[in-house]
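Student: my questions are about this predicted structure, shown below with the sequence.
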Amino acid sequence: MRSVFSSAAVALAGLSVASAFSSFGATSKNAAFAPRASSTGLHMGQVDDALDKFAVKGKIRNIGVIAHVDHGKTTLVDALIRQSGVFRDDAQANEAGVRVMDSDDQERERGITILAKNLAVMRNGYKINIMDTPGHADFGGEVERVLNMCDGVLLVVDSVEGPKPQTRFVLDKALRKNLKVLVVVNKIDRPAARPDWVVDKVFDLFVELDASDEQTDFTTVFASGILGKAGDDPEHLQDDMGPLFDAVLKAIDPPTIGSVESQDLQCLISNIDFDSFKGKMGIARITAGSVKAGQPVQLAHPDKPVRTGKIGSLFVFDNLGKKEVEEAKAGEIIMFSGLDSIEIGDTLVTNEGGVTPATYLPPIAVELPTVRMTLGVNKSPLAGREGKFLTSRMIRERLIKECDRNVALRMAETDSADRYEVSGRGQLHLTVLIENMRREGFELEVGPPSVIFTKNEETGKEEEPWESVEVRVPEEYMGSVVDLFNQRKGELQDMGIEDGAEAMSVVKYLIPTRGMLGLRSNLLTATRGTALIDAVFDSYKPKISEVIQGRDKGSLLAFADGSVTPFGIEGAQDRGKMFISPQIEVYKGMIVGIHQRPGDLEVNVCRTKALTNMRSANKGITVGITAPLEQTLDGCVEYIAADEILEVTPSKMRMAKNPALWGKKNK
């Protein structure tokens, strides 16, 4: 009779002969940081059942989709969804719209992915768990935690631009976790596409990141997400995404499984969701063992006490939603309820009687935050007119809830009882949070962004974060770009003309994060909106002692409380550019415009025209009011200086001088 340990049987299960033997009783060299092997021997009659279980797991692929921002990652996932039978017909597909995974309002408005999301599709009997991740550097924490659930990644690269700064960041994270990488050259339908050059640049990036020989021998697929086509040859694409599906099944390994017994359960929590009826829910990939609904479990963490409870409802991902199941085994990605004390980084292990639970898995490690802002109670003269959530307790609870699921975010108390310090990966990371709170009905007082300094333990010197910035711009604006970077203490790394039909000039700088605050809007203004700016955290370097130049113009301030009049704006607009229009209420110290010179200037925008009997019939007919500058949350946060604050309400944003720093001098 054929041996149950024959290589053919094991290959059917998607496991090597060596891993099959280790699955049946072998112990890990590092038990605390590896999937636990089964402690129970298997009789010969049970081996076939175990192989059947492993064969099922060989039918699963867990992949993450990573890329630089705007390289078509979500559009590519969209095409995979539509060609996997998720929608019953074209009518339902059309109703879902484009970029199905970008379901958040801000994601659709900004055109970027902010939150990582899970889905699962079926292909030829295989289940493919797909995790769509953000491409913007400020949301790198989402990428870091999602990679813990993956066995491989799709690295999506634009067919014209090639690898960009965030491509390097996300690929480095994947290679460090020893994940298989499938390279997808996307947007191959672009007229200026240069696939051979892009593949060469990707290979160079693998080498620079010290990838192993096996990782460097990556599979490449060429695709057009928007057309729903893919192929192994850029000149001959098939009419569907079949080649990409086939490459995923071939190039990405199935989950490596040490045991499927319930007592060996190890499950690292990588995400948290909230359900209106079921409460707090954990999302995780089962590394070893199995879990059932109602099973007693523990939450283990090296820095926290053990917490116990029972699994409530248990789900696996099914298409764009989830499906309730009674049991899930190693290799599957699950969502479960019943444990309100769950936190990202906890390890789910069994708590069944008479069974020694497995040890914890290493917690999720993420990069430290680099930028901080203060959020507090709105105390302006116009506060409390719109918002539903106004108190410090409500703000604190909301920030704690956000920190539960956003691993890259930090919150700390301040000297003031009604103000909190919030730290994140970048300015965009924090403004997305503020915008969400504004839409939920909060009123906030927001302080200016500032960088977080650290002390080098070896040298004892204070260090600050630096960013690697790449700017593409038409050649006629290159001089203005270089001047702005020099003013902000940037260090030139490279400069040249981009290859290809577009022929844009490219400049690369290393610049302190302090210098990047407020620089984006200045770059866009100087280049008339043509600059394409990509920035990613580089490293910590010794703090620069010189003062980094901020904005070079002061603010126009309201002289008194009142309602803005056309006559008041008419006199003030000669002094600079206005933020306000008639009939808007203002208060003393509120910023109503940008002064045309350095230094602040108070203007009376509430002034009314004197009424007399001597008036010409045509007097004032030719006088016009200039349209105000558009105010956005990101623009306001970039604008405010160290002695200014931003008032955020559900429908309005007002900038003002900080009363604690300015009001006493102007009473």
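Tutor: Received, thanks. Nothing here was measured: the structure is a model prediction, and the numbers come from that model.

Student: show me the strands in the stretch 101-250 of the chain, by range?
Tutor: According to DSSP state E, counting those that start in this stretch, the stretch 101-250 of the chain carries its strands in the segments 117-123, 126-132, 152-158, 180-186, 219-224, 229-233, 236-238.

Student: most tightly surrounded among those strands?
Tutor: Compared across those, strand 152-158 shows the largest average neighbour count, a mean of 25 (mean count of other Cβ atoms under 10 Å). In short, each C-beta sits where N, CA and C put it, glycine included.

Student: for the strands of the stretch 101-250 of the chain, which one sits closest to G58?
Tutor: strand 126-132 (8.8 Å; Cβ to Cβ).

Student: got the angle between that closest one and strand 152-158?
Tutor: Orientation check (axes from the mean of the first three to the mean of the last three Cα atoms, to 10 degrees): strand 126-132 against strand 152-158 gives 50 degrees.

Student: which elements pack onto strand 126-132?
Tutor: With contacts defined as 3 or more Cβ pairs under 8 Å, 6 or more residues apart in numbering; DSSP states H and E, strand 126-132 has these neighbours: strand 60-67, helix 73-82, strand 117-123, helix 242-251.

Student: wait, H136 sits on P165?
Tutor: No - with contact defined as Cβ atoms under 8 Å, H136 does not reach P165; the gap is 10.8 Å.

Student: okay, these two: which has more neighbours?
Tutor: With neighbours defined as other Cβ atoms under 10 Å, H136 and P165 compare such that H136 has more, 24 against 19.

Student: let me see the contact set for that one.
Tutor: By Cβ atoms under 8 Å, 6 or more residues apart in numbering, the contact list for H136 reads 69, 112-114, 166, 428.

Student: kindly provide the distance from it to V451.
Tutor: Counting by Cβ to Cβ, to the nearest Å, the gap from H136 to V451 is 18 Å.

Student: now stretch 318-336: buried residues?
Tutor: Under the neighbour-count criterion of 16 or more other Cβ atoms under 10 Å, stretch 318-336 has 318, 320, 322, 325, 328-336 buried.

Student: tell me the one of those nearest A558?
Tutor: The closest of the buried residues of stretch 318-336 to A558 turns out to be L320 (Cβ to Cβ; 49.6 Å).

Student: so what's F537 up against?
Tutor: By Cβ under 8 Å, 6+ apart, the residues touching F537 are 137, 140, 169, 367, 370, 425-426, 465-468, 513.

Student: where's it, which helix or strand?
Tutor: For F537, the host element (DSSP states H and E) is strand 532-542.

Student: do K323 as well
Tutor: strand 321-324.

Student: tell me where the model's unsure across the protein.
Tutor: 1-57, 85-104, 499-502, 611-623, 662-667 (pLDDT under 70).

Student: just give the closest residue to the residue nearest in space to the middle of it, not the sequence neighbours.
Tutor: The chain has F139 as the residue nearest its centroid, 2.3 Å off, counting by Cα atoms, centre = their mean. Closest residue to F139 apart from its sequence neighbours, by Cβ to Cβ, 6 or more residues apart in numbering: I114 at 5.9 Å.

Student: follow-up on the earlier one: among the buried residues of stretch 318-336, which two are most distant?
Tutor: Spatial extent of the buried residues of stretch 318-336 (Cβ to Cβ) is set by the pair L320 and A330 at 24.4 Å.

Student: which residues does the spatially closest residue to A223 that is not a sequence neighbour contact?
Tutor: Among residues not flanking A223 along the chain, A230 sits closest, at 4.0 Å (Cβ to Cβ, 6+ apart). Residues near A230 by Cβ under 8 Å, 6+ apart: 221-224, 237-238, 240-244.

Student: closest to T608 out of the residues you listed?
Tutor: The nearest member of these to T608, counting by Cβ to Cβ, is S224 at 61.4 Å.

Student: what count of nearby residues applies to the residue nearest to the closest one when sequence neighbours are not counted?
Tutor: Spatial nearest neighbour of S224, chain neighbours left out: D189 (4.3 Å); criterion: Cβ to Cβ, 6+ apart. The criterion is other Cβ under 10 Å. On that basis, D189 has 16 neighbouring residues.
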